[in-house]
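Novice: below are the sequence and a predicted model; questions follow.
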Amino acid sequence: MAAHGDAWPESARIASTGLGDMDAGDFRASAHALADWIADYFESGSRYPVLAHVSPGTIRAALDRQAPERGAPMSEILSDFERVLLPGVTHWNQPGFMAYFPSTGSGPGVLGEFLAAALNQQAMLWRTSPAATELEEVVLDWVAQLIGLPPGFEGVIHDGGSSSNLHALAAARAAVLPDVRQRGVANRNLRVYASEQAHSSVAKAVILLGLGLDALEEIPVDRSFRMRADALRAAIARDVARGVRPMAVVATAGTTSTGSLDPLPAIAGICRETGVWLHVDAAYAGAAAILPDHRWILEGADRADSLVLNPHKWLFTPLDLSAFYCRRMDVLRAGLALTADYLVTREPAAVRNLMDTGISLGRRFRALKLWMVLRHFGAEGLRARISGQIRLARRFASWVAADPGFEIVAPPSLGVVCLRVAPPGVEDDQALDALNAAVLDRVNRSGEVFLSQTRLGGRLAIRLVVGQLRTGEAHVARAWALLRDAAQGLHRQAGLGT
């Protein structure tokens, strides 16, 4: 007969010899130390340069080439994190981060992520996590109420706006081609419409869905960089006359370059008349609709078939969490649901399995952090912070507009301001592009702020976005001072103009 110890499964024998997970005392001490580090980081993160200034390959060269043979204490691991990895971190949580659409790891969101990791839920089936499944339904209903979506939209969480856009177009494809699941899309002659300013994920979705980039029609924009509804109507009519089948229109509420808002009511009317699926990409600007005086942003979205909003952008929820809403989630389920024998359960028919609403079987407990953020700030707190950030962006835009050495190159929208260094008397666009690129580089090398760039009308523009939870007027004023100083110094150095 085998010895008693040999009867234990291997996992139990490892745990009994102290070779399993961390000791509870060690975990507690490390967690407390890490909580202190994070709290200090939130309080004084400005001591780090916003943009990482390491050379390519620096981090890789500082790491061991071979996987560790022996384990290390957490104190050593955390020390290496500070020594090796931290210098290569771009600090999205810093108040000087104004480069892209914001993503704030707020305190309650970070705590929610910590707790979700500990619980380690896999919310593919209702049975595998009733709490994760039902909390996701509830918090997405809360968000829908806050932004004014009417009843009838069902929500589900994806990792990002790109995934949400992909699933929206997958639903639209299934709606226009009910047999696509079996037959595919070969030679179906479909068309998707989006503005020239639409997010690149729309083009990626068209590629991934097998439609090909030729199926994407980029609709011209007006002087405010908004989709032209007349051009959309003409494009749809032209395609129908040629035997091309319109599949979907993607309207954007908050384009990436300028924050522009497509005319949703007009676009919704065209889609209703023609029977084309309307998807609203409100990943950025949708959050502003929680403000009563900005509810107009989503006017017309009540007639959409689907919509995306990213709480990890402007609702202070840590990456990653995208809220996807659909009026016809049954169409998406019909196109994607696939239940293997080992996933069959016998719950009541009313139970919804989240795995049926997307391509991912593995689903983290993302709803927990959003629930904690909404509970901590409340709608009132979220409104106060978002409205304050919009006011800061407007103030910054007023400073730029009042300076003869700069110009606003797109109507300021919410937290987004696009500007250009434009010294009086300088007409050469190529020289101005080089000057603006040099100004942006000098400002970013300061370590105090991080701004980005885009191209509008073929000209390089500097882009500043206010939306980080910890950004205040002093930080925006400092960005403006850095821009002015850099512009004046480089202008003189280049000898441009008079």
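Specialist: That came in fine, so what should we check first? Just so you know, these numbers come straight off a predicted model, no measurement behind them.
Novice: where do the strands sit along the stretch 251-400 of the chain?
Specialist: Shown for the stretch 251-400 of the chain, the strands assigned by DSSP state E, counting those that start in this stretch span residues 277-281, 306-309, 322-326.
Novice: Gly388: which of those is closest?
Specialist: For those, proximity to Gly388 was assessed by Cβ to Cβ; strand 306-309 is nearest, at 19.9 Å. Using the backbone N, CA and C atoms, a C-beta is placed for each residue, glycine as well.
Novice: so what strands line up beside that closest one?
Specialist: strand 277-281 (parallel), strand 322-326 (antiparallel) (DSSP bridges).
Novice: doesn't Val202 make contact with Ser162?
Specialist: No - under the criterion of Cβ atoms under 8 Å, Ser162 makes no contact with Val202, lying 9.0 Å away.
Novice: could you pull out the helices for the stretch 151-300 of the chain?
Specialist: 161-176, 180-183, 200-208, 229-242, 264-274 (DSSP state H, counting those that start in this stretch).
Novice: and the last one, which residues are buried?
Specialist: Think helix 264-274. Leu264, Ala266, Ile267, Ala268, Gly269, Ile270, Cys271 (16 or more other Cβ atoms under 10 Å).
Novice: ramachandran coordinates for the nearest residue to the first one once chain neighbours are set aside?
Specialist: Across the structure, with Cβ to Cβ, 6 or more residues apart in numbering as the measure, the residue nearest Leu264 apart from its sequence neighbours is Gly300 (3.2 Å). Backbone geometry at Gly300, expressed as degrees, to the nearest 10, gives phi 100, psi -20.
Novice: and Asn353, by the same measure?
Specialist: With angles defined as degrees, to the nearest 10, Asn353 sits at phi -100, psi 120.
Novice: state the distance from it to Pro130.
Specialist: Shown here: Asn353 relative to Pro130, a distance of 11 Å by Cβ to Cβ, to the nearest Å.
Novice: who's more crowded, those two?
Specialist: Asn353 (20 against 14; other Cβ atoms under 10 Å).
Novice: pretty sure that one contacts Ser129?
Specialist: No - contact criterion Cβ under 8 Å: Asn353 and Ser129 do not qualify, at 10.7 Å.
Novice: overlap in contacts of these two?
Specialist: With contacts taken as Cβ atoms under 8 Å, 6 or more residues apart in numbering, Asn353 and Ser129 have no neighbour in common.
Novice: low-confidence ranges, the stretch 1-150 of the chain, go.
Specialist: Counting by pLDDT under 70, the ranges of the stretch 1-150 of the chain that qualify are 1-20.
Novice: what's the per-residue pLDDT of the residue nearest to Leu278 when sequence neighbours are not counted here?
Specialist: Leaving out its chain neighbours, the residue that sits closest to Leu278 by Cβ to Cβ, 6+ apart is Cys271, at 4.0 Å. Listed pLDDT for Cys271 reads 98.
Novice: got a list of what Cys271 touches?
Specialist: The neighbours of Cys271, taking Cβ under 8 Å, 6+ apart as the test, are Val249, Trp277, Leu278, Arg303.
Novice: what values do phi and psi take at the closest residue to Asp159 other than its chain neighbours?
Specialist: Closest residue to Asp159 apart from its sequence neighbours, by Cβ to Cβ, 6+ apart: Asp320 at 4.5 Å. When read as degrees, to the nearest 10, the backbone of Asp320 gives phi -120, psi 140.
Novice: okay if I get the strands paired with strand 306-309 as TSV plus distance to Phe225, mean neighbour count and mean pLDDT?
Specialist: Shown next, in TSV, are these (distance: least, Cβ to Cβ, whole Å; neighbours: other Cβ atoms under 10 Å; pLDDT from 0 to 100):
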stretch	distance to Phe225	mean neighbour count	mean pLDDT
strand 277-281	14	28	98
strand 322-326	23	28	97
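Novice: so can I have JSON lines of these showing distance to Ile408?
Specialist: Listed next are those as JSON lines, based on distance: least, Cβ to Cβ, whole Å:
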{"stretch": "strand 277-281", "distance to Ile408": "24"}
{"stretch": "strand 322-326", "distance to Ile408": "30"}
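Novice: which among those is found nearest to Leu149?
Specialist: Across those, closest to Leu149 is strand 322-326 (Cβ to Cβ), at 6.3 Å.
Novice: now that closest one against helix 161-176, angle please.
Specialist: The directions of strand 322-326 and helix 161-176 differ by 10 degrees, with axes from the mean of the first three to the mean of the last three Cα atoms, to 10 degrees as the criterion.
Novice: residues in contact with strand 322-326?
Specialist: Residues from elsewhere that reach strand 322-326 (Cβ under 8 Å, 6+ apart): 140, 143-144, 149, 153-161, 163-164, 167-168, 171, 283, 305-312, 332.
Novice: and stretch 401-409, by the same measure?
Specialist: Outside stretch 401-409, the residues touching it (Cβ under 8 Å, 6+ apart) are 397, 400, 417-424, 456-457, 459, 461, 483-484, 487-488, 491.
Novice: and it, how far apart are its ends?
Specialist: Using Cα to Cα, to the nearest Å, the end-to-end distance of stretch 401-409 comes out at 10 Å.
Novice: list the buried residues for that stretch?
Specialist: So stretch 401-409, judged by 16+ other Cβ under 10 Å, has buried residues Asp403, Gly405, Phe406, Ile408, Val409.
Novice: state the mean pLDDT of that stretch.
Specialist: On average, stretch 401-409 scores 96.
Novice: check the offset of it from the chain's centre.
Specialist: 30 Å (Cα atoms, centre = their mean, to the nearest Å).
Novice: buried deepest among the helices of the stretch 151-300 of the chain, which one?
Specialist: With neighbours taken as mean count of other Cβ atoms under 10 Å, the helices of the stretch 151-300 of the chain reach their highest mean count in helix 161-176, at a mean of 24.
Novice: burial measure for the residue nearest to Gly155 when sequence neighbours are not counted, as a count.
Specialist: Distances taken as Cβ to Cβ, 6+ apart place Leu140 nearest to Gly155, at 3.1 Å, with adjacent residues excluded. If you count neighbours by other Cβ under 10 Å, Leu140 ends up with 23.
Novice: separation between Leu140 and Ser129?
Specialist: Distance, Leu140 to Ser129, using Cβ to Cβ: 16 Å.
Novice: between the strands paired with strand 306-309, which gets nearest to Asp21?
Specialist: Across these, Asp21 has its closest neighbour in strand 322-326 (31.8 Å, Cβ to Cβ).
Novice: please state the offset of the closest one from the chain centre?
Specialist: 12 Å.
Novice: now Gly254. Nearest residue, chain neighbours left out?
Specialist: Gly254 sits nearest to Ala285 (Cβ to Cβ, 6+ apart), 2.9 Å away.
Novice: can you check His199 too?
Specialist: Nearest residue to His199 in three dimensions, chain neighbours excluded: Thr256, at 5.6 Å (Cβ to Cβ, 6+ apart).
Novice: need the three-state assignment for Gln453.
Specialist: What DSSP: H, G, I helix; E, B strand; the rest coil gives for Gln453 is strand.
Novice: spit out the contact partners of the residue nearest to Gly155.
Specialist: Contacts of Leu140 (Cβ under 8 Å, 6+ apart): Gly155, Val156, Ile157, Ala323, Tyr325, Ala367.
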